[in-house]
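Asks: Generate coordinates for the sequence data below:
(2 chains)
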Protein chains: 2
Amino acid sequence: MSGGKGTRFWPLSRERFPKQYLKLAGERSLLQDTLMRLGVIAKRGSVNIVTTEAQKDIVDWQAREVLSDFSTVVEPEGKNTAPAIALMAFKLFNKDKDALLLVLPSDHFIRDIPPFEAAVDRAARLAAKGRIVTFGITPTRPETGFGYIKAGRSLGDGSFNVTRFVEKPDIKTAKSYLKQGGFYWNSGMFLFRAKDMIDELKNYMPSTFNAFDAIRDSFNGKTEGKALKAAYASVDEESIDYGIMEKTKRVAMIKADFHWSDIGSWNALEEVVDADRDGNVSEGNVVSLGCKDSIFYTDNKLLGAVGISGMVVVNTTDATLIIPKGRVQEVKALVTELKLRGKEEYLAPRLEERPWGYFEVLDRGPSYQIKHIYLKPGARLSLQMHNHRSEHWIVVSGSATVTRGEETFFVHQNESTFIPATEKHRLENKGKIPLRIIEIQSGEYLGEDDIIRFDDVYGRKTR
Amino acid sequence: MSGGKGTRFWPLSRERFPKQYLKLAGERSLLQDTLMRLGVIAKRGSVNIVTTEAQKDIVDWQAREVLSDFSTVVEPEGKNTAPAIALMAFKLFNKDKDALLLVLPSDHFIRDIPPFEAAVDRAARLAAKGRIVTFGITPTRPETGFGYIKAGRSLGDGSFNVTRFVEKPDIKTAKSYLKQGGFYWNSGMFLFRAKDMIDELKNYMPSTFNAFDAIRDSFNGKTEGKALKAAYASVDEESIDYGIMEKTKRVAMIKADFHWSDIGSWNALEEVVDADRDGNVSEGNVVSLGCKDSIFYTDNKLLGAVGISGMVVVNTTDATLIIPKGRVQEVKALVTELKLRGKEEYLAPRLEERPWGYFEVLDRGPSYQIKHIYLKPGARLSLQMHNHRSEHWIVVSGSATVTRGEETFFVHQNESTFIPATEKHRLENKGKIPLRIIEIQSGEYLGEDDIIRFDDVYGRKTR
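Replies: Got it, this is the predicted structure:
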């Protein structure tokens, strides 16, 4: 499941670039890590990614970097987890009446794969007997940001019946759970047979069941998209936890004995990046003096910190955040405030990754925009056209192959070319080294959506 | 006196752009405010600015924006305040045996001019009787960053003999001074006759006296520059406070009854910008939630702060600072650290003001640099040439008049031109609206010093 909005990791995540696509530590995003885990585990199965139209392009190219075989399923609209899971249960049941579904959020961090794989194996054995299995995480702190599961009678091999689900508790209750024992964090990962989930949808979410049941025949066929649009109008906006898990009698819990984090806030950076001896986690161009227990994250911009303690400071090209560790949940409130005040920094990042490399907005004015465009060797942008903007391209390193109208030519380092509005064009790096271009766009409208693609090697929508 | 290095206001000030040139609040820099105060007061006198070669250009154009008549005096090297003051005493004595000197640091903030003018008038009357007058500020807090003056017998009209000078005290001592009364902050502003200062130099700083005495005849003449270079080799590197004020029997103090600040650290921003009801001072694109008693300064980059208290956060295009208010003096240590680690952000700002407008470095790579260049209407850059870099210019608003080699032509909005290395060129804005140009420099060496000026309307050094 890869959807949602990027609020809690602002300013690194944005509404148009949620946290599962961030490379917080290392070379791979959380989505890519999740897909690789699935790739290892689901060798005999298929990998399906449920997302939204707005995020389909990012999902596709991030997935393509780590898996050769996967499917992307686009929901007509986001309606929380229950409809997404119901959709996949119906779809996969159509192909295989005994299909087993392992449902994973795309934004979790799991350090070691073997114990996770072992837990999935145990869960699969229970699911094969008709149980809907959830993964319970042994709590390490009185976290109030998670729901809890009360384990009941042991089913052997680290699995349990479930006595009850508890919504996010207050701190006092959370502390008492830790003291009592037998309570686990609800991780949001599930394993079950498609047919069992469909049964329970019928029992507990009848309108959602009916909506999908009505379009059974169109699944995996040409009319699926249209049918889904109709179905989604009448499905309930609901989480699977509330809609099914808290009600079904089939639920069982596997005790997860692996390191797990939902990377729920900036504080979680401590779980993926090692701290120095003063307890500071620093990523990027950071110079700190006399600081402790703080989290510093910056891109190439210098971040200088002196004498601060217990703080989170995040620096990106266009926005900076500072907040005490104890209040990181309020980043969400800040993003809401930005939106209210019409600050565009809530929406899109300055540096946007693309399948062919990335671009970064260096400067914006009333009728111009300057971008730094980076093309990997061999990369090829779509053949495209803009209605409202013309573009100056200056090659600052590498060599560009430029198609403009009917002609194709090279532009070498320190040379430039000009693409008038409404002229079909394509930019390509046929070289062995990265191509860096400075693009100056000029026009009355400079939105990213002023683009008509005629042909795209990355499978994005063309005209 | 306008020299020094910009460490305490980093990252806004830089080694090449000290704080007196910053426009911290409003339209004028601290230097320009100081010059305007002098312009009001010294109607019958002359305004002389002592600076260094490295800062002469900035001084000249900032001064030219507020005064039509002034002189810039360049010291061969910075040797603290005593040589600068001695130099001016000798120079002005040469012109007028009874010359009165009012010495002002360029980086002080004084809100209201009339009480300041009145204090200067009182000081001038004392100086005419042979006294060397200092301005004592009534302390409002036990500040340990200033020297103190102990006032002695009253000389009437708010002036006093001086019992003693005290170097920067510890906090306990500073508190006792406030309690005792009769102690004043040493503001570093002075008023005296040139001849009296020369006498005292002879008494207390004989080698400095001798160095300048030896070149008396060259002052205000053609050989002054060369003579000064020789003299400065043997003058003492010393502050006027230690070298003269603490020793001379002629010293008197005027009690200054005007609002004064030396803008000694980021905390001083509270003295020039009004705080909101939570005690926050915010300049620029700031969104804060639940913060108090903090100072937020940012350029166009968004700064989001949640739940912080007693902090200073400063955001510029290329660097960010965070430090508690109680530790702002340590900014200096941070800048030293940056220098040690070879971080260029200590040296020059990304946005540099110039007499013709400003430029901002948008991006840098190994062999290219992108600048946004802003020319005021009517502005004209020097006729120049670069040995190592070529330049692409794209006009994004306004119209440019470009001289390239022997030709002169217009470049309109959304048009571009190319200046090869070693080609003489000039950029000019003959229009009525600002001219904005994106410049992409390309070459193996991109330093600002690769420039040969052939002709400059702003009086900067030409070949």
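Asks: Next, the buried residues of the top strand by length along chain A.
Replies: In chain A, with assignment by DSSP state E, the single longest strand is strand A:183-193. By neighbour count on 16 or more other CB atoms under 10 Å in any protein chain shown, the buried set for strand A:183-193 is A:Phe183, A:Tyr184, A:Trp185, A:Asn186, A:Ser187, A:Gly188, A:Met189, A:Phe190, A:Leu191, A:Phe192, A:Arg193. For the C-beta atoms, the positions are set from N, CA and C on the backbone; glycine is no exception.
Asks: TSV please, covering these and showing distance to chain B.
Replies: What follows is those, written out as TSV (distance: CB to the nearest CB, whole Å):
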residue	distance to chain B
A:Phe183	30
A:Tyr184	31
A:Trp185	26
A:Asn186	27
A:Ser187	28
A:Gly188	26
A:Met189	31
A:Phe190	34
A:Leu191	38
A:Phe192	40
A:Arg193	45
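Asks: mind putting the residues you listed in TSV, pLDDT included?
Replies: Shown next, in TSV, are those (pLDDT from 0 to 100):
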residue	pLDDT
A:Phe183	96
A:Tyr184	96
A:Trp185	95
A:Asn186	94
A:Ser187	93
A:Gly188	93
A:Met189	96
A:Phe190	97
A:Leu191	97
A:Phe192	98
A:Arg193	98
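Asks: A:Val50 should be in a strand, yeah?
Replies: Yes. Under DSSP: H, G, I helix; E, B strand; the rest coil, A:Val50 falls within a strand.
Asks: quick one: it and chain B, what's the gap?
Replies: 31 Å (CB to the nearest CB, to the nearest Å).
Asks: Would you mind listing the residues in contact with A:Gly181?
Replies: A:Gly181 makes no contacts at all, as judged by CB atoms under 8 Å, 6 or more residues apart in numbering or on different chains.
Asks: Sorry, wrong one. I was asking about A:Val272.
Replies: A:Val272 neighbours (CB under 8 Å, 6+ apart): A:Leu24, A:Ala25, A:Phe109, A:Ser261, A:Ile263.
Asks: Please report the distance of the fourth one from A:Leu321.
Replies: If you measure A:Ser261 against A:Leu321 using CB to CB, to the nearest Å, the figure is 20 Å.
Asks: out of those two, which sits in the more crowded spot?
Replies: A:Leu321 (24 against 18; other CB atoms under 10 Å in any protein chain shown).
Asks: Not counting residues beside it along the chain, what's closest to the more buried one?
Replies: Spatial nearest neighbour of A:Leu321, chain neighbours left out: A:Val314 (4.4 Å); criterion: CB to CB, 6 or more residues apart in numbering or on different chains.
Asks: ok but the one you found is inside a strand, no?
Replies: Yes. Counting by three-state DSSP, A:Val314 is found in a strand.
Asks: who does it bridge with?
Replies: Note on A:Val314: beta-bridge partners A:Tyr297, A:Leu321, judged by DSSP bridges.
Asks: Quick one: residues contacting it.
Replies: The contact partners of A:Val314, by CB under 8 Å, 6+ apart, come to A:Pro11, A:Leu12, A:Trp266, A:Ile295, A:Phe296, A:Tyr297, A:Thr298, A:Thr320, A:Leu321, A:Ile322.
Asks: which parts of the stretch 1-150 of chain A sit against chain B?
Replies: Proximity of the stretch 1-150 of chain A to chain B (CB under 8 Å from any CB of the partner chain) is limited to residues A:Trp10, A:Pro11.
Asks: does the one residue in the stretch 1-150 of chain A that gets nearest to chain B count as helix, strand or coil?
Replies: For the stretch 1-150 of chain A and chain B, the shortest gap (CB to the nearest CB) falls at A:Pro11, measuring 7.0 Å. What three-state DSSP gives for A:Pro11 is coil.
Asks: just A:Arg164 next, same as before
Replies: At A:Arg164 the chain is in strand, as set by three-state DSSP.
Asks: now it: how far from A:Met253?
Replies: Computed as CB to CB, the A:Arg164 to A:Met253 distance reads 11 Å.
Asks: try A:Val162
Replies: With distances taken as CB to CB, A:Val162 is found 5 Å from A:Met253.
Asks: Quick check: neighbours shared by those two?
Replies: Contact criterion CB under 8 Å, 6+ apart; residues shared by A:Val162 and A:Met253: A:Thr134, A:Ile149, A:Ala151.
Asks: For the residue lying closest to A:Gly365 once chain neighbours are set aside, which residues are in contact?
Replies: Nearest-residue entry for A:Gly365: B:Val396, 6.0 Å, with adjacent residues in sequence omitted and distances by CB to CB, 6+ apart. Counting by CB under 8 Å, 6+ apart, B:Val396 makes contact with A:Gly365, A:Ser367, A:Tyr368, A:Ile440, A:Ser442, B:Gln413, B:Asn414, B:Arg436, B:Ile437, B:Ile438.
Asks: Can you tell me which of those end up in strands?
Replies: Going by DSSP E, the strands hold A:Tyr368, A:Ile440, A:Ser442, B:Arg436, B:Ile437, B:Ile438 from the contacts of B:Val396.
Asks: Can you name the two of these that sit furthest apart?
Replies: Greatest spatial distance among the ones in strands among the contacts of B:Val396 (CB to CB): A:Ser442 and B:Ile437, at 12.4 Å.
Asks: joint contacts of the two?
Replies: Shared contacts of A:Ser442 and B:Ile437 (CB under 8 Å, 6+ apart): B:Ile394, B:Val396.
Asks: Helices along chain A, start to end?
Replies: Applying DSSP state H to chain A gives helices spanning A:30-41, A:56-64, A:81-95, A:113-128, A:171-180, A:194-204, A:206-213, A:224-234, A:240, A:269-272, A:331-340.
Asks: tell me the most buried of these?
Replies: Of all the helices of chain A, helix A:240 has the most neighbours on average by mean count of other CB atoms under 10 Å in any protein chain shown, namely a mean of 25.
Asks: separation between A:Ser442 and chain B?
Replies: Counting by CB to the nearest CB, the gap from A:Ser442 to chain B is 4 Å.
Asks: mind checking pLDDT for A:Arg463?
Replies: With respect to pLDDT, A:Arg463 scores 62.
Asks: hang on, I meant A:Ser29
Replies: Per-residue pLDDT puts A:Ser29 at 92.
Asks: A:Val361 now?
Replies: According to the prediction, A:Val361 has pLDDT 86.
Asks: Beta-bridge partners for it, please?
Replies: Beta bridges link A:Val361 to A:Lys371 when assigned by DSSP bridges.
Asks: Now for it: which residues touch it?
Replies: A:Val361 is in contact with A:Thr317, A:Asp318, A:Arg350, A:Leu351, A:Gln369, A:Ile370, A:Lys371, counting by CB under 8 Å, 6+ apart.
Asks: so the third one makes contact with A:Lys301?
Replies: No. Counting by CB atoms under 8 Å, A:Arg350 does not reach A:Lys301; the two are 10.9 Å apart.
Asks: Distance check, the closest residue to A:Asn220 other than its chain neighbours against B:Gly310.
Replies: Distances taken as CB to CB, 6+ apart place A:Asn94 nearest to A:Asn220, at 5.8 Å, with adjacent residues excluded. Separation of A:Asn94 from B:Gly310 (CB to CB) stands at 61 Å.
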